[in-house]
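> just the structure for this:
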Amino acid sequence: MSLKSDALFAKMEPLFKTEGAALVKKVGAVFHFEISKAKGETPTVWTIDLKNGTGSLTKGKNGTADATFSLLDDDFILLSEGKLNPQQAFMQGKMKIKGNMAAATKFTPDLLPKDAKL
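Numbers count the residues shown, from 1 in each chain. So this is what the prediction gives:
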């Protein structure tokens with residue numbers, strides 16, 4: 001199963017080499033993203049570590065997350081493009097968050113690559 005968001009996550013990895021240390025200093029948390037193609041499907045999980053070293057991206061659950069975001073692939077893309085407000089997505093049930101809400105608020109769409117051609 002290929003997700004549109006896979007390309008977006010792939011674009012994130014090079015950012016850790018150039019901006020990772022600054023992101024770790026700014027965010028200081030580990031996130032899991034559970035992205036599903038459709039409701040009820042088994043999600044693809046990504047781990048974004050913005051707590052250790054210069055940050056890292058791993059497909060699958062890696063370690064313990066400070067916060068876990070669960071959402072549909074299309075909604076994640078809309079968030080990354082700035083077409084879906086994170087607070088509205090949460091309030092409308094399009095995005096579920098488990099874990100530390102204070103940590104969750106540190107992961108904002110501006111941390112996502114803007115030039116991802118999807």
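> T44 and L3 touch, don't they?
Yes - T44 lies in contact with L3 (CB atoms under 8 Å); the separation is 5.8 Å. In short, each C-beta sits where N, CA and C put it, glycine included.
> shared neighbours, the two?
Taking CB atoms under 8 Å, 6 or more residues apart in numbering as the contact rule, T44 and L3 both touch I35.
> list the contacts of the closest residue to D74 other than its chain neighbours.
In this structure, D74 finds its nearest non-sequential neighbour in K4, 7.2 Å apart by CB to CB, 6 or more residues apart in numbering. If you count contacts by CB under 8 Å, 6+ apart, K4 has them with D73, D74, F76, I77, L118.
> once you drop chain neighbours, what's closest to T64?
In this structure, T64 finds its nearest non-sequential neighbour in V30, 6.9 Å apart by CB to CB, 6+ apart.
> what's the helix or strand containing the one you found packed up against?
If you go by DSSP states H and E, V30 is part of strand 29-36. Contacts defined by 3 or more CB pairs under 8 Å, 6 or more residues apart in numbering; DSSP states H and E place strand 29-36 against helix 4-27, strand 44-50, strand 67-72, helix 73-80, helix 101-104.
> could you dump these to CSV with mean pLDDT and distance to I35?
As requested, the helices and strands packed on strand 29-36 are exported to CSV (pLDDT from 0 to 100; distance: least, CB to CB, whole Å):
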stretch, mean pLDDT, distance to I35
helix 4-27, 90, 5
strand 44-50, 96, 5
strand 67-72, 97, 7
helix 73-80, 93, 5
helix 101-104, 94, 16
